[in-house]
Structures are given as structure tokens and as C-alpha cells.
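Asker: take a look and give me a structure for this.
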Amino acid sequence: MKMQREFSWKGILIFLFIVDPIYRIIVFSSFYISLTTLIELGKLDLIVRIGMINSIIAMVVVYIFLFIYFVFPKIEENEHKKSIHTKRR
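Answerer: Presented below is the predicted three-dimensional model:
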């Protein structure tokens, strides 16, 4: 079976109106809570900043993968059915 990716309008609508808002609420609320807690404690050292940058990069990567998964879903081509169909002709 061959796997291909094809653009999907349904996928982009699901991504924009369901996945994107939920992802943003979860990610930014947790990020904001941890950042305000660290600022209140006064522990905003270099290592904490590097960790924050790493978490932002990870969030962006996950966001890109979610975008590709929903907007360009995999389409299966069933080669077995095609071969049977061509044999009948």
C-alpha cells in the first residue's frame, strides 16, 4: 500500500477551530503559570532561560507536526484492488 499526503479542507477547518485553540490554551496557560512562578521566586537564571527556550522550540515542533497531520492527511492507495481491476480488463 502506498501512502500519499493530500491537502484537506476539512482537516484545515478541524485544525483551525478545534486543535489550534485547545493547543494554545493548554500550552500558553502552563507556560504563563511556570514563568510567573519563577519570576515570583526570583529564580530566572541562565539555565531556566535555556529551558524555556527549549520548551518553546518543542512546542513549535509539535505544532508543526499537528498542522501536517490534520491539513495533509495520509491517503491510502490500495494497489491490490487496482491490480484486480486491471486483470479483469
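Asker: name the residue closest to the centre of this structure, please.
Answerer: With distances taken as C-alpha atoms, centre = their mean, Leu66 lies nearest the centre of the chain, 1.9 Å away.
Asker: in the helix or strand where it lies, what counts as buried?
Answerer: Leu66 is part of helix 46-71 when elements are defined by DSSP states H and E. Neighbour-count burial for helix 46-71, counted by 16 or more other C-beta atoms under 10 Å, picks out 59, 67, 70-71. The way it works is simple: take the backbone N, C-alpha and C, and place the C-beta from them, glycine included.
Asker: let's have these in CSV, adding pLDDT and distance to Ile50.
Answerer: Formatted as CSV, the entries for those read as follows, by pLDDT from 0 to 100; distance: C-beta to C-beta, whole Å:
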residue, pLDDT, distance to Ile50
Met59, 86, 15
Phe67, 87, 26
Phe70, 84, 31
Val71, 84, 32
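Asker: just the closest of those residues to Arg5, please.
Answerer: The shortest gap between Arg5 and any of the buried residues of helix 46-71 belongs to Val71, at 9.1 Å (C-beta to C-beta).
Asker: residues of the one helix or strand Ser34 maps to that come out buried?
Answerer: Ser34 is part of helix 20-41, with elements assigned from DSSP H and E. Of the residues in helix 20-41, those scored as buried under the neighbour-count criterion (16+ other C-beta under 10 Å) are 27, 38.
Asker: by how many degrees do that helix and helix 46-71 diverge?
Answerer: 170 degrees (axes from the mean of the first three to the mean of the last three C-alpha atoms, to 10 degrees).
Asker: that older thread, how close does the residue nearest to the centre of the chain get to Arg5?
Answerer: Relative to Arg5, Leu66 is positioned 14 Å away (C-beta to C-beta, to the nearest Å).
Asker: just give the nearest non-adjacent residue to Ile56, would you?
Answerer: The shortest distance from Ile56 to any residue that is not its chain neighbour, by C-beta to C-beta, 6 or more residues apart in numbering, is 7.9 Å, and that residue is Phe31.
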